[in-house]
Each structure stands twice: as C-alpha cells, then as structure tokens.
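Chemist: this one's sequence-less:
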C-alpha cells in the first residue's frame, strides 16, 4: 500500500513498500503521485524494477530524444553539430509519435518519405542509425521498454529497397587551372577581407579541414621543428582531447610554413589564431567564388582530397600520409586518395630512369618512418637527391602541379649521408 505525505513546500511525497522493496518519489501534484505509486506497485508485482517518475512519464519518441541529449550532456559528451541536426530533424518528423508505435511499417514509411525529400542512401542510413541509438540508450540506461528490434528489420527492408546503402565515393579533385582561377579571383579583389587565396594554398599544403584551419593558434606552432598541433581534431570515437601534431611540408606545391609566416602581420593581440576568421564565412566565400567562376561541383573539402592525393603522388607511404591527414584507419584513408591514372606513366618513366619514389626505395626504411617528424626527413631526402642531380621541379598540370624529381645518378654521397641507416638485424625484425 502506498503512503502519501504532504511536505511543507506543498509538494507530495509518495512512498511504496511492497514485497521487501522500498521506493519513494516527490511530486508537485498528488494526482501524479498516485499514478506513479500505482504503476510502481504493478511493476514490483511483475518482478520488475520500478522506474523513476522522470522515466515512467516518457511517452513519445521526442521525450526519448530529450532524455538522450540530457544524459550525454551531463557526462560531457553532448552531441556534435551533425548529430544535433539529425536529432532535431527526427524530433520534427517523429517526435510526436508514441514510442511504442515506432514499428517496422512506420519506420519504412519514414524512410520512403525521407528519400522522396532528397535524402540519399548514406543520409537515410544515418537517420535510421540515430533512431536506433536513441531507443537503445533509453532501454539500456533507463530500462524503458523501447522497441529496438523493429529498427533493425526496417533497415534491412530499406536496404533491400535500395534506400539505405553506401554512397558513391567522391573523387572530385580541383584542376590546376581551377586552383589558379580561384586564387587569382581572391587575390585580385581588394575588398576581400579573408585571405582566401592563402587559405586555399594552406589547405592543399596541410590537408586540414576548413574549421581546423580557422582554429589553430600561434601557440600551437613550433617554427623550429616545423610542427603544428591541431587540437580536438575530428574523430568519430573521441570528440575532445584528440590533439595531433602534423609536419608542415612543402611537397604539395605550397610551403605551409611560409604561408603561416605571411599571416604574422595580420594576427591580432586579442585573437591568438593564425587565421582569425569564421570558418563558415570562409566556406561561404569559397562557394560564391565557384559560382562566379562557373566552377561546378567543387567543395572546400575537396582541397583535403587534393592534398592527400598529392602526398601519395610525391611518394609518401600510407602510414606517412596518415601522420598528416590524421586518419587512424588506413581503410578510411583510401577513399581520400584519388590518384590520377595518367600519373602512372610518369612513375613508370621515373623507375625506368633509375629513380624511385621518395620513401619507397627501401621497404625497411619506409617502415621506420613512424613519427610525424620523420616526414621532414623524407622531404630532406628528396631535396638532397634533387641537389645531387641538379634537377629542377617541373610543374605539370596533368599531375596536379606535382614536382617531378629526375636525378641523373641513382646513388650519390649526399643522398647516402641524408638517408638514415639501419642494421640488417633491425631490418629483418621489422620485416617479421
């Protein structure tokens, strides 16, 4: 039998003692206390754990979304920008529905409706996955009887219908003419406040994202070692504290450190950022320039693709490129690598001439390059080989403005003195 006590504050305290269980809750109204106490007694009789009133009164899918956001924010893992946008859309489309009504048919209709609105297979897959995330959170953390299995069945059905699946990997790379037109467009505009030409060059030189470029500070720069620390770099599993040090190279056609030095007269006293601009404003300026120049289907993020591909074309191995791009999964790194098929002719010609890509002439040497500082050693090696052969960097639009080094001698004393030496025993251990 439940007991109800009116507190001096005017609230009501409901206490349930049943089968050795004791549980109490405080309510503003006595009617709410009575409803909760009756349901708590029924749950105890069924052998279940009584739920708190905050959980017991949840009815709609929108309530579960609010519960998920509140719980994740409380533990310091609030949803990011993309997840928050997805949750707002789901609350708008399905928030008023009773959570028990989210059966397989309802979710399939939701998927068809989203597809008709223009959502692609990947976007719809994210939507269905977020629905399952909210329901699973409520069931696992709070014991809510949320229907999780229908979501899995709906995903299978939508996949069979072709509405959920993998998207087409984007392979858009800007041509040398497009980059030159964009840079000239911004540099020739005296009213342009944001130095977009410099930002475009820096993005190609570092493979950094738009938001990362506008967030790094002067205190993150170590000009002596040519290293830059990117704080809280994007990662699907670790949202905060994912700091990474990257080398500032000049192998992609632009000198990253020189571009940073050009920003020194611009930096303010109050703002410690190297590029003290709003990243959204920079993105808007880039899109408008593409429209004015009639450059179709080019996004700012494609500059990251271009930078990654140039690193591979320069001869860096996949584990070395990951030190620059920040990819922890090499399989994910492959989708950003869009090598141009015609570049293989130049590679074959270089091999026939006795040249080998930087970092590939010795497998053991490539495997020892496991730190971000080692990328500078590869760049020094390339420069040493270039000085020995008195070769010049030939810029070719067909190879994405990549310098081709063609030494006349395969080996030289300077190159040997630049390349680190490893013992046979260590090389055998590495190969094992």
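Modeler: On my side now, so go ahead. This one's a predicted model, so the numbers in the text were calculated from it and none came from an experiment.

Chemist: Does the longest helix along the chain pack against any helices or strands, and if so which?
Modeler: As assigned by DSSP state H, the longest helix anywhere in the chain is helix 121-142. Packing partners of helix 121-142 (3 or more Cβ pairs under 8 Å, 6 or more residues apart in numbering; DSSP states H and E): helix 61-74, helix 81-94, helix 104-116, helix 149-160. Glycine gets a C-beta too; all of them are placed from N, C-alpha and C.

Chemist: Which one, of those, ends up nearest to residue 303?
Modeler: Ranking these by proximity to residue 303 (Cβ to Cβ) places helix 81-94 first, at 20.1 Å.

Chemist: when you compare where that closest one runs with where helix 61-74 runs, what's the angle?
Modeler: 160 degrees (axes from the mean of the first three to the mean of the last three Cα atoms, to 10 degrees).

Chemist: Give the buried residues for helix 81-94.
Modeler: Across helix 81-94, burial judged by 16 or more other Cβ atoms under 10 Å covers 83, 86-87, 89-91, 94.

Chemist: and stretch 182-191, how far out from the chain's middle?
Modeler: Distance, stretch centre to chain centre, for stretch 182-191: 30 Å (Cα atoms, centre = their mean, to the nearest Å).

Chemist: What of stretch 281-295?
Modeler: On Cα atoms, centre = their mean, the centre of stretch 281-295 falls 23 Å from that of its chain.

Chemist: how about the residue positioned nearest the centre of the chain, secondary structure?
Modeler: Among the residues of the chain, the one closest to the centroid is residue 234, at 4.3 Å (Cα atoms, centre = their mean). Secondary structure, DSSP: H, G, I helix; E, B strand; the rest coil: residue 234 is coil.

Chemist: residues contacting it?
Modeler: 209, 212, 242, 326 (Cβ atoms under 8 Å, 6 or more residues apart in numbering).

Chemist: Shouldn't residue 5 be within a helix?
Modeler: No: looking at residue 5 with three-state DSSP, it is strand, so not inside a helix.

Chemist: In space, what's closest to it - neighbours in sequence excluded?
Modeler: residue 13 (4.6 Å; Cβ to Cβ, 6 or more residues apart in numbering).

Chemist: residue ranges with poor pLDDT in the stretch 201-350 of the chain?
Modeler: Within the stretch 201-350 of the chain, the segments meeting pLDDT under 70 span 236-241, 267-269, 335-340, 342-343, 347.

Chemist: Any buried residues in stretch 133-151, and which?
Modeler: 133-135, 137-138, 142, 144, 146-147, 150-151.

Chemist: The host helix or strand of residue 41 - what's its average pLDDT?
Modeler: If you go by DSSP states H and E, residue 41 is part of helix 30-45. Averaging the model's pLDDT scores along helix 30-45 yields 76.

Chemist: rewinding a little: part of a strand, is the residue nearest to residue 5?
Modeler: Yes: the assignment for residue 13 (three-state DSSP) places it in a strand.

Chemist: residues in contact with it?
Modeler: Here residue 13 is in contact with 4-7, 24-27, 33 (Cβ under 8 Å, 6+ apart).

Chemist: At which residues are the helices of the stretch 151-300 of the chain located?
Modeler: Here the stretch 151-300 of the chain has its helices, by DSSP state H, counting those that start in this stretch, at 176-187, 196-206, 210-213, 256-261, 279-292.

Chemist: Between helix 196-206 and the last one, find me the angle.
Modeler: What it means is helix 279-292. Using the same axes, to 10 degrees: helix 279-292 against helix 196-206 is 100 degrees.

Chemist: Contacts for helix 279-292, please.
Modeler: 182, 185-186, 192, 194, 196, 199-200, 210-211, 213-215, 295-296, 298, 300.

Chemist: Taking the buried residues of stretch 133-151 together, which two end up most distant?
Modeler: Pairwise over the buried residues of stretch 133-151, using Cβ to Cβ, the maximum falls at 142 and 150, 19.1 Å.

Chemist: Please pick the buried ones from the contacts of helix 279-292.
Modeler: Using 16+ other Cβ under 10 Å as the threshold, 182, 185-186, 194, 196, 199-200, 210-211, 213-215, 295, 298, 300 are the buried ones among those.

Chemist: Kindly report the domain assignment for the chain.
Modeler: 2-56, 61-160, 176-325, 340-431 (automatic domain parsing).

Chemist: Just put those in JSON lines and tack on distance to residue 167.
Modeler: As requested, those are exported to JSON lines (distance: least, Cβ to Cβ, whole Å):
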{"stretch": "domain 2-56", "distance to residue 167": "37"}
{"stretch": "domain 61-160", "distance to residue 167": "4"}
{"stretch": "domain 176-325", "distance to residue 167": "14"}
{"stretch": "domain 340-431", "distance to residue 167": "22"}
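
Chemist: how about the ones you listed, which one is nearest residue 166?
Modeler: domain 61-160 (6.9 Å).

Chemist: So for that closest one, mean pLDDT?
Modeler: Rounded mean pLDDT across domain 61-160 is 91.

Chemist: Numbering from 208 from now on, please.
Modeler: With the count now opening at 208, the last piece we talked about shows up as domain 268-367.

Chemist: start to end distance for it?
Modeler: 26 Å (Cα to Cα, to the nearest Å).

Chemist: residues in contact with the residue lying closest to residue 391 once chain neighbours are set aside?
Modeler: Among residues not flanking residue 391 along the chain, residue 404 sits closest, at 7.7 Å (Cβ to Cβ, 6+ apart). Residues in contact with residue 404 (Cβ under 8 Å, 6+ apart) are 389-391, 393-394.

Chemist: Count the residues that sit near the residue nearest to residue 455 when sequence neighbours are not counted.
Modeler: Among residues not flanking residue 455 along the chain, residue 463 sits closest, at 4.0 Å (Cβ to Cβ, 6+ apart). Residue 463 is flanked by 26 other residues according to other Cβ atoms under 10 Å.
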